[in-house]
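Trainee: How does the following fold in three dimensions:
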Amino acid sequence: MAKTAAPASEASAPKAKKPAAAPRATSKAREGGPVRSNPAPVFQNKPAGTPFFELSRLMVVGIDSAAGRLIQKAQDAPNGSWPSAWSIIAPGAWVIMTAGLTKDGRVAVVAQPSGTTNLSFITEDANQIGPVDKWNPPVGIGAPPGAASYQKLTMANDADGRIEIFLTDNQGRIWWIYQNPDQIVQVQKTITPPGSSTPIVVTVDELVPPAKPWSDWQQLTGQLVAVTAIRQADGRIALFGINSGLHLYRCQQAKPQALKVADWTGWVQIDTTQTGGFTEMAPVIGPLGATNLFALTQNGQVLHTRQQPAGSDTWTQWATTGYSRVPKYTLAAGIQGDGDIVLVSSDQQRVHEFNAQWDAYTQNWSGWRDFGASIYATRLTLNYNADGRLALFSLMIMPDGTNGLWTINQMGIDSSEWEYAWTNLTNDNLKQIVVVRDLTPPV
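Mentor: Predicted structure coming up:
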C-alpha cells in the first residue's frame with residue numbers, strides 16, 4: 001500500500017461516552033501568509049433539518065467481488081478504529097449500488113439485486129440500541145422503463161431532506177426518482193379555547209406521510225455515461241455529468257421542491273476547446289455557500305469553476321488550482337473541519353498529493369504537495385471524522401483484478417500532516433464502495 005508501510009493497528013477502541021470536540025467554525029490567520037476564510041463551515045452529506053452530530057462515525061458501504069454481497073464496515077466509535085470483519089446489509093447478490101443518508105441521519109442504500117433491473121431501497125433500522133447494526137428489509141422501487149443495466153447511481157437529499165435518486169442506464173438515458181413529499185390533509189380537532197369551558201371543533205391542516213412513498217421514474221433530458229448529484233447550500237440539487245464524448249455538463253433544480261422534469265434547468269455544456277474533455281468530476285459546497293466543481297481533464301490537470309454568487313446559475317470561468325508536472329488520473333474533493341476545501345489526487349506515477357484551500361474569498365491554495373504513494377493504481381474518496389479531521393480512503397486495484405481498501409486520517413483540523421501508516425480495511429475482494437457518515441450509530 002501507500003508508503004509501503006505496515007497497516008495500522010485495527011484494535012477496537014471502546015465506545016465513546018462523551019461527544020467529541022466540535023470542529024472549529026473559524027480559522028486562524030497564517031503568519032506571513034494569507035488570512036483564512038472565516039465563515040461557518042459547510043459540511044457535506046448533512047441532511048436538511050439534522051444538526052451536525054459529534055457522535056457520528058464513518059461507514060463504508062460496498063459490494064464484494066466473490067459473492068456480490070452488499071456489505072458495510074464502520075468505525076466502532078466516533079473517530080474510532082475499524083473492526084476486522086465486514087457485516088452483511090441484506091441477503092443475496094447485488095450488482096451496483098450507491099449510498100447516502102435519510103432525512104433523520106440514518107444510512108440509506110439503493111442497490112440492484114442480481115437477476116433483475118428492479119432497484120431496492122434499504123435503510124438502517126431506526127432502533128439502533130445495542131452494539132449490532134440493524135437494517136430494514138429491502139423495499140422495491142421498480143426500474144426505469146426499458147433499462148437493461150445501469151452505469152452509475154447517485155443520490156442526494158433535497159431541500160426537504162427527502163432522498164432523490166439519479167442514474168444512467170445502458171443507453172445513456174438519465175433517470176430520476178424521489179421520495180414523495182408529505183401531504184396536507186384537513187382534520188377536525190376538539191379544543192377548549194382559553195377562558196372558556198366549552199369545547200369546540202376546529203379544522204386544521206396537518207402533514208401526513210404520502211399515500212405513495214416514491215414517485216414514478218422520470219426521464220430527464222440528455223444522455224450521459226456518468227452523473228453525480230449534490231445538495232447545494234440553498235437546498236436545490238445540482239447534477240453534473242459526463243457523456244461518451246467526455247463533454248461535461250451541469251444542470252440544477254429550478255425550484256427547491258422539484259417534482260417534474262420541467263422543474264429543472266436545461267443542461268449546460270461547460271467544457272471548452274481550451275479545456276478539452278473531462279474524465280472525472282468532484283463537486284463540493286465551499287465555505288461561502290457556493291457550489292464548486294473540480295474536474296480532471298484528459299491531460300491530467302485539475303480545473304475549477306464555481307457559482308458566483310452562491311445559489312445562482314452564473315459560474316466563473318475555468319481556473320487552475322496549480323499546474324501538475326505529472327498528469328493526474330484520479331481526484332477527490334472534501335471539506336475539512338474549518339470549512340475549507342481540500343483536494344486529493346494521485347498522479348500517473350501513483351504519487352498522492354493534496355491541495356488545501358487557504359482563502360475562499362481570494363481562491364488562494366497551498367499548491368499540490370506530495371504526501372504518499374501507492375503500489376498500484378487507486379481511486380480516492382474523502383470524508384471527515386466526527387472531530388472534523390479528514391479521512392482519505394484508497395480503493396486500490398490489486399493484481400487479481402479486485403480492489404483492496406486502506407484509509408488514513410489528517411493529523412488535525414487544518415493540518416498539512418497525515419498519518420504515515422495506512423489502516424487496512426481489506427486486502428482484496430471489493431468491487432465498489434461509497435463512504436458515508438452514519439449520524440445514528442448503535443449505542
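Trainee: Tell me where the model's unsure across the stretch 251-400 of the chain.
Mentor: Scanning the stretch 251-400 of the chain for pLDDT under 70 picks out no residues.
Trainee: Look up the closest residue to residue 271, ignoring the ones flanking it.
Mentor: Nearest residue to residue 271, sequence neighbours excluded (Cβ to Cβ, 6 or more residues apart in numbering): residue 248, at 4.6 Å. Where C-beta positions appear, they are placed from N, C-alpha and C, glycine not excepted.
Trainee: And residue 204, which helix or strand is it part of?
Mentor: strand 200-208 (DSSP states H and E).
Trainee: Next, the buried residues of that strand.
Mentor: Using 16 or more other Cβ atoms under 10 Å as the test for burial, strand 200-208 gives no buried residues.
Trainee: counting contacts, what elements does it pack onto?
Mentor: If contacts are counted by 3 or more Cβ pairs under 8 Å, 6 or more residues apart in numbering; DSSP states H and E, strand 200-208 sits against strand 183-191.
Trainee: related to what we said a few turns ago, gap between the residue nearest to residue 271 and residue 280?
Mentor: 10 Å (Cβ to Cβ, to the nearest Å).
Trainee: any residues in contact with both of those two?
Mentor: residue 295 (Cβ atoms under 8 Å, 6 or more residues apart in numbering).
Trainee: Which of those two has more residues huddled nearby?
Mentor: More crowded of residue 248 and residue 280, by other Cβ atoms under 10 Å: residue 248, with 25 against 20.
Trainee: Distance-wise, check the more buried one relative to residue 227.
Mentor: Taken as Cβ to Cβ, the span from residue 248 to residue 227 is 11 Å.
Trainee: what residues are shared contacts of these two?
Mentor: 240, 241.
Trainee: helices or strands up against the longest strand along the chain?
Mentor: When every strand of the chain is counted residue by residue (DSSP state E), the longest turns out to be strand 423-438. With contacts defined as 3+ Cβ pairs under 8 Å, 6+ apart, strand 423-438 has these neighbours: strand 57-64, strand 94-101, strand 378-384, strand 390-397, strand 403-409.
Trainee: who does the very next helix or strand once past the second one pair up with?
Mentor: Scanning forward in sequence from strand 94-101, with DSSP H and E defining helices and strands, the next element found is strand 107-113. Based on DSSP bridges, the pairing partners of strand 107-113 within the sheet are strand 94-101 (antiparallel), strand 119-123 (antiparallel).
Trainee: what angle do the shortest one and strand 57-64 make?
Mentor: Angle of strand 119-123 versus strand 57-64, following axes from the mean of the first three to the mean of the last three Cα atoms, to 10 degrees, is 150 degrees.
Trainee: Quick one: residues in contact with strand 119-123.
Mentor: By Cβ under 8 Å, 6+ apart, strand 119-123 touches 70, 89-90, 102, 106-113, 135-143, 165, 214.
Trainee: make it 7 Å
Mentor: Here strand 119-123 makes contact (Cβ atoms under 7 Å, 6 or more residues apart in numbering) with 89-90, 102, 106, 108-113, 135-136, 138-141, 143.
Trainee: Then the first one?
Mentor: Surrounding strand 94-101, the residues in contact under the criterion Cβ under 7 Å, 6+ apart are 45, 47, 61, 63, 68, 70, 107-114, 150, 153-157, 163, 432, 434, 436, 439.
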